[in-house]
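Undergrad: all I have is the shape, not the residue letters:
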């Protein structure tokens, strides 16, 4: 399992009745879980799958930038 170095945005979604985790540096990469901990476990798997798929398609893997600033 990957050592997460990408920024994670974690929030509760009332609509989904779950915690949602988004990885802004990896387009479309997100996961959810019934608990905060489960959401983190799930996003680790999704990050690994995202990177594996990108490599298979010959796409560049973004380097983690650390804390991102939003306007």
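TA: The structure has been received and is ready for your questions. Since this is a predicted model, take the numbers as computed values, not measurements. Residues are numbered from 1 along each chain as shown.
Undergrad: count of neighbours near residue 20?
TA: Using other Cβ atoms under 10 Å, residue 20 has 17 other residues around it. Quick note: C-beta positions are derived from backbone N, CA and C, even for glycine.
Undergrad: sticking with it, tell me its helix or strand.
TA: strand 18-22 (DSSP states H and E).
Undergrad: for residue 51, see how far away residue 57 is.
TA: Residue 57 is 11 Å from residue 51, where distance means Cβ to Cβ, to the nearest Å.
Undergrad: neighbour count winner among the two?
TA: residue 51 (17 against 7).
Undergrad: that one: which element?
TA: Per DSSP H and E: helix 36-56 holds residue 51.
Undergrad: from the chain's centroid, how far away is that helix?
TA: 6 Å (Cα atoms, centre = their mean, to the nearest Å).
Undergrad: and that helix with strand 18-22, angle?
TA: Counting by axes from the mean of the first three to the mean of the last three Cα atoms, to 10 degrees, helix 36-56 lies at 40 degrees to strand 18-22.
Undergrad: who are the packing partners of helix 36-56?
TA: strand 9-13, strand 18-22, strand 30-33 (3 or more Cβ pairs under 8 Å, 6 or more residues apart in numbering; DSSP states H and E).
Undergrad: what about 6 Å?
TA: Under the contact criterion of 3 or more Cβ pairs under 6 Å, 6 or more residues apart in numbering; DSSP states H and E, helix 36-56 touches strand 18-22, strand 30-33.
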